[in-house]
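[1] this one's sequence-less:
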Ligand SMILES: Nc1ncnc2c1ncn2[C@@H]1O[C@H](COP(=O)(O)OP(=O)(O)O)[C@@H](O)[C@H]1O
Ligand SMILES: O=c1ccn([C@@H]2O[C@H](COP(=O)(O)OP(=O)(O)O)[C@@H](O)[C@H]2O)c(=O)[nH]1
């Protein structure tokens, strides 16, 4: 039977009325490029950092897994006949660049945070261990997980489900380009209809491709709800935590 790990110094549950106290936020890499089409738009990163601060002020403990799609995806190498593993290594390095940008934006607004990378690069940031991650979270820091799972052939969605389980998160928030899960990809199918609520099994059975299968299966196994929402809407993260806001919630 899976048991949620406890923080070393568990803080009392705040009576702030939020839906989830301990949250893992997955931030899409693609979202960070804003309208530029590539790389990092600092104004977007600053805005997302502000959203994280706002959610913390509601009483939520937040940790973050950050994507890398604004800079590099491994499939881009593989699709041109290159080596997938090398491409994935490049993609994982991209997530570290994004993590450093987010930490910079959080520090600017007075939110203490730390980058823990699944790939050791001690001159740049700390290396991931569950023990350290829990200790930093207990000390009130926003833990930013970089480097995905540290393994090729995975995605940062899978890393988000993995870290959510390791952190004992009560929910995995996927902040992405769309405001929920639809019957089909709303970017390509204008007739797609949005769901308010689904089960993990329904997401998998219907082949709803907003998140990869491995990530949804891992969240299902560990009974972690998934909340899909638009990372582009300022303040939406806090609104959903408060019980309003627009999202699709995936539960057991
Ligand atoms: N059934 C669906 N409902 C919602 N979005 C979907 C669906 N199928 C595909 N998508 C697409 O999945 C995208 C999110 O996945 P992905 O590109 O991996 O995002 P991220 O960069 O946030 O990890 C959405 O932007 C959307 O275009
Ligand atoms: O555990 C992981 C996580 C990510 N990646 C690589 O890093 C890239 C960027 O991550 P992702 O595509 O998940 O970023 P996002 O879609 O969230 O921007 C991926 O395409 C993979 O090449 C990987 O190899 N292993």
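    Alright, I've got the coordinates. Because the structure is a prediction, the values reported are computed rather than measured. Numbering: from 1, shown residues only. Ligands and ions are numbered 1, 2, ... in the order given.
[2] Dihedrals phi and psi, residue 113?
    According to degrees, to the nearest 10, the main-chain angles of residue 113 amount to phi -150, psi 170.
[3] Next one: it from ligand 2, what distance?
    Distance of residue 113 to ligand 2, given as Cβ to the nearest ligand atom, to the nearest Å: 19 Å. Where you see a C-beta, it was placed from the backbone N, CA and C, and this is true even at glycine.
[4] who's that residue bridged to?
    The partner list for residue 113 in beta bridges (DSSP bridges) reads residue 142.
[5] contacting residues around it?
    When contacts are counted by Cβ atoms under 8 Å, 6 or more residues apart in numbering, residue 113 touches 102-103, 106-107, 141-144.
[6] Would you state the strands of the stretch 51-200 of the chain in chain order?
    Using DSSP state E, counting those that start in this stretch, the strands of the stretch 51-200 of the chain run over 61-66, 113-117, 126-127, 142-146, 171-176, 197-199.
[7] Of all those, which one is nearest residue 242?
    Minimum separation from residue 242 across the strands of the stretch 51-200 of the chain (Cβ to Cβ) falls at strand 171-176, 13.2 Å.
[8] Let me know whether that closest one sits next to ligand 1.
    Yes: if you take Cβ under 6 Å from any ligand atom as the test, strand 171-176 does meet ligand 1, through residue 176.
[9] now the strands of the stretch 51-200 of the chain in TSV, with mean pLDDT?
    Formatted as TSV, the strands of the stretch 51-200 of the chain follow (pLDDT from 0 to 100):
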stretch	mean pLDDT
strand 61-66	98
strand 113-117	98
strand 126-127	98
strand 142-146	98
strand 171-176	98
strand 197-199	98
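[10] Ligand 1 contacts on the stretch 151-252 of the chain?
    Counting by Cβ under 6 Å from any ligand atom, the residues of the stretch 151-252 of the chain near ligand 1 are 157, 176-178, 181-182, 184-187, 208-210.
[11] Now which of the residues you listed would you call buried?
    Among those, those scoring as buried are 157, 176, 178, 181-182, 186, 208, 210 (criterion: 16 or more other Cβ atoms under 10 Å).
[12] so can I have TSV of those residues showing distance to ligand 2?
    Output for these, formatted as TSV (distance: Cβ to the nearest ligand atom, whole Å):
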residue	distance to ligand 2
157	6
176	8
178	13
181	16
182	18
186	17
208	16
210	11
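[13] just to revisit the earlier point, mind checking which of the strands of the stretch 51-200 of the chain is nearest residue 96?
    So among the strands of the stretch 51-200 of the chain, strand 142-146 is nearest, using Cβ to Cβ, at 4.4 Å.
[14] Just list what that closest one packs against, helices and strands only.
    strand 61-66, helix 84-108, strand 113-117, helix 130-138, helix 156-167 (3 or more Cβ pairs under 8 Å, 6 or more residues apart in numbering; DSSP states H and E).
[15] for those, which one ends up most surrounded?
    strand 61-66 (a mean of 28; mean count of other Cβ atoms under 10 Å).
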